[in-house]
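**Q** sharing a model that was predicted from the sequence below.
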Amino acid sequence: MTKRTPDEGHPDGPDDDSGDFRSDHTVRRDDTSPVRTDGGEPPEDREDGIDEEISEEEAQEMLEGIERKRSLSGWAAIITSIIAISFSIFQSWLAARGFDFSATFPFVGEVSLGALQLLQVNSVHVAFALILAFILFPPTTGRGTFAAQLGRIVPTLASQLGESHPVTRGAAGVRRFVRWLAVDPERERVTPLDILFVILSAATAAYMVMEWKEIQQLRIFGLEAGRSVAEYLGPLGILAEAISALGIPLADISYPFFLGVVGVLLVLEATRRSLGFYLMVIVGSFIVYARWGFIISPDMPLIGVLSIPKGTWPNIIQNLWYNTENGVFGIPVTVSVQFIYIFILFGAFLEMSGAGQWFIDLAYATTGTRKGGPAKASILASGFMGTISGSSIANTVTTGAFTIPLMKRSGYSPEFSGAVESSASSGGQILPPVMGAAAFLMIEFIGVPFADIIIAATIPAVVFFFGVWVMVHLEATRAGIGGLDPSEVIDIRTHLTRGWFYLVPLVLLMYYLLVERLTVARSAWFTLIAIMALLSVVAAYNKRTRVPLLGTIAVVFLAQFGAYFTTGVGIFDALRGGSGEALGFVDAMFSAAGSLGIIVIFVSLVTMLVRPHLETPLLQLDDAADEASERIAQVVSRPSLADVNAFRYVTFIGKSMDSGARTSTEVVIAVAAAGIIPGVVSATGLGPNLTALIKAVAGGSIVLLLLFTAIASIILGMGMPTTVTYIILVSLLGPAIAQSSNIPLLAAHMFILYFGVIADITPPVAVAAYAASGIARSNPFRTGTKAFSLSLNKAIVPFAFALTPGILLLRGRGEAARVLTGADVAELSYFVPEVVIPVLGVFIGVIGLGATVIGYLYSRVTRVERGLYAISAFLLMAPGLILNAAFDLGGALGLVGAAPETVIVDLAMRGAGGLLFGALALKNRRDAQEGKRETPAGSPEPTD
């Protein structure tokens, strides 16, 4: 396959209209079965005769190009997978057993490796991510601006001094050495520099684990009290002495200080490789500020509040590296250890099980034949996939490879098709129950249960997807775009019959979180076991095996229950002669149920081993899992293994763990790097001063404060992960919002999260939209602007719920806010005016926004009417925003005082918006019935 750089296939600039985006993409067809998500054969009158779909391999290659990842092979790929699977096993153990690494094995007894402290666990977590980052991301491909400048040195010397001149030959030799050391132009080899960084990353974790007593002493006496580098390295200390002889005093430096400096630098380097140069600069600037921020005089106007006490490098490194409250191993990494990783692993298992394709097919079976069906199916499919992946770009590329070509064939423009996919995909990070990594950070930053976050996030997320749905429906109506032929989609009943079990993990997750109120980690772990158990049954199930399979599971479960009921221990321990206090019926049932997943997996594996080549009609693993089985079978020279279900099942588990670790790498690096910023803010005492500065600039206006936050979120989020944007802005702006208003803290954090997500589809750096444009062969900038316009309700809804907490199902203001209870719902005098009416207003308002953006409702909408629809939408969705803005402006002019915060005023403004929208809608419908504003076929889009 032809390799491409990330820039290939895109126009030179955002305004270049020449983007034809032709490429050598392979044909993707299935001539032997009804079309599902590929929409059937392309039309005969295609312009160039080239199938516009891209293959799954090319979609993965595009994703790797965007993410700048390597494509490794051979031993490098094997070692990488071993490290990734080890990472997932380590995290799975933490989720299942906590920080105590001890277990009881048959015929061996209890084996204990000891217990780790939080700092040690966090360091191992980050070390795994650093190692994978240095393997997966090259130091440089040699195509950057800086590399290009260096590349001119040798040709310049050769032209001026001659190729045989000693200086030219010396420079050429240095160039060859540098290229061997660090340059990977094809993103396919691990360089010596990577190996050095991998060793140093492992050394940072090894010191944390092996020298815990010394670290405890350093907390009292400081890093300078630690052993020197030469002393710690022992026989290898001669290397440190040799470096010291060159004038670099390495041998006498405190080893923990040296390792802390190296660790922070490794995090910055991994950030540069995986997340970009600019994020590294932002994080690095905070470190520089921690050391030299004292230069800012307190007497300087405005920025004098940024003055901090003078810091020393040992103290700074101790705060950044040997601390779980702040710095690299602070709250963000702790949240990653406890919550984020296990949910990413849950998503990887669900995706590799084949659930991703099943959900896409379900979306098309549900809506594919409706008006504008392919676009509506894209919204549903992206929402489903977002629940699994939580990544805007990955969701756009993987789902868009199917959905975008279908939308184009049905009649949507390339820009509109790419915009729909990227807009819907970006919503995955705000869609419960999984959401993105930032949602888990809220648990620690706010101190609320994850169940409350899910409840609060539900209505705004539904509003967003409803808003995009409305716009694609209006566009389909305006342009006369129909749906797919029924023969081109799968029958929904048949589809549900073949894959209903994919819904079980999501239902279980919601049950554990909302009903049982288990911790996030335990809920994810139990759901993970449920996925493995379900897939094991599916892999062993057919008409011949179903009775013995299910019967054996039932017998073993009853035996386990009987053992607990009579002896107080499990069946295995009871057979070995163990006993305890007999449990009651209910307790014995729950204890047996706790081991049901393991029983199911064990019995199913035995069934698969007894019948290695059984046919299982329900097993539809993801293509990546099956391809991994085939590759491994080829490597061991046993191709027939790829057809053995037991081997496929074990490979599925390994591939899921591998994929989960690779996906988590960037997230862990992001939270480790971003954790430095709140660490500096806290350690330097900058927080209160910064809050005072922001409040002074906002001048007491909540509207200005929210606007500053929104703009900062979008600017900072351009090209950066949402998680990083969230951590930075919560550290810098969160306290200011909380202290300057009565906005609930959860609403303030959700506000920052929403605008961080919007950044993925906001030009000029709309990464998700640009990824979609690569598939749609559309103009990237226009695709980004359309994606932003389709997601306009995502920019208004945050203002709505910040000023009206009832939309988040919250009651109260400020710190007193809480999630609604049954008693609140029963109190109709509160629930109707402060929850029901605002929620209805938001839903009706997004219809008004749809008419504004698309320029069509029942018939064409004039420019004046579009402006009136926009006014009605704002009045329905966020009347508090208009009211506060008007009173802020009047107060600045000395005309009025503070804005009245009464329910009656809110209802009156929403009522006015509703009347205006109703009048416009009725007039538009009457015009449509009378045929006054028919849109000629083939007319250009009003939005253009």
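**A** Arrived safely, thanks for sending.
**Q** low pLDDT regions in this protein?
**A** Residue ranges of the chain with pLDDT under 70: 1-67, 104-111, 386-391, 719, 893-899, 933-944.
**Q** now the strands for it?
**A** All strands of the chain, identified by DSSP state E, fall at 100-105, 109-115, 810-811, 818-819.
**Q** let me know whether Val397 touches Ala771 as I believe.
**A** Yes. Using Cβ atoms under 8 Å as the test, Val397 is close enough to Ala771 to be in contact (5.4 Å). Yep, even glycine has a C-beta here, placed from its N, CA and C like the rest.
**Q** need the contact list for Ile531.
**A** Contacts for Ile531 (Cβ atoms under 8 Å, 6 or more residues apart in numbering) come out as 346, 349-350, 353, 505.
**Q** tell me, how many neighbours does Ile85 end up with?
**A** Using other Cβ atoms under 10 Å, Ile85 has 18 other residues around it.
**Q** for the nearest residue to it once chain neighbours are set aside, give me its contacts.
**A** Counting by Cβ to Cβ, 6 or more residues apart in numbering, Ile85 lies nearest to Met657, which is 4.6 Å off, once chain neighbours are set aside. Residues near Met657 by Cβ under 8 Å, 6+ apart: 84-85, 88-89, 92, 345, 348.
**Q** show the buried residues in these.
**A** Among the contacts of Met657, those classed as buried by 16 or more other Cβ atoms under 10 Å are 84-85, 88, 92, 345, 348.
**Q** looking at these, which are in helices?
**A** 84-85, 88, 92, 345, 348 (DSSP state H).
**Q** got CSV for the residues you listed, with distance to Ile796 too?
**A** Putting those into CSV (distance: Cβ to Cβ, whole Å) gives the following:
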residue, distance to Ile796
Ala84, 41
Ile85, 44
Ser88, 40
Ser92, 41
Leu345, 35
Ala348, 34
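**Q** wait, which of those residues is closest to Leu732?
**A** Minimum distance to Leu732 across these is 31.0 Å, recorded for Leu345 (Cβ to Cβ).
**Q** so the closest one sits right up against Ser656, yeah?
**A** Yes. The pair Leu345 / Ser656 is scored as a contact, 7.3 Å apart, by Cβ under 8 Å.
**Q** what touches both of the two?
**A** Joint contacts of Leu345 and Ser656 (Cβ under 8 Å, 6+ apart) are Ser88.
**Q** and for Ala672, the neighbour number?
**A** Neighbour tally, Ala672, other Cβ under 10 Å: 30.
**Q** cool, Thr396 as well?
**A** Neighbour count of Thr396, defined by other Cβ under 10 Å: 39.
**Q** go on, the one 10 residues further on?
**A** The local packing count at Leu406 equals 26, with neighbours defined by other Cβ under 10 Å.
**Q** could you do Val600 as well?
**A** By other Cβ under 10 Å, neighbour count at Val600 equals 25.
**Q** repeat for the one 3 residues further on
**A** Counted with other Cβ under 10 Å, residues neighbouring Val603 total 24.
**Q** check contacts around it.
**A** Contacts for Val603 (Cβ under 8 Å, 6+ apart) come out as 549, 552-553, 556.
**Q** tally of neighbours for Gly411?
**A** Gly411: 17 surrounding residues under other Cβ under 10 Å.
**Q** ditto for Leu558
**A** By other Cβ under 10 Å, the residues close to Leu558 number 13.
**Q** same check, this time on Phe197
**A** 23.
**Q** not counting sequence-adjacent ones, nearest residue to it?
**A** Spatial nearest neighbour of Phe197, chain neighbours left out: Phe134 (4.4 Å); criterion: Cβ to Cβ, 6+ apart.
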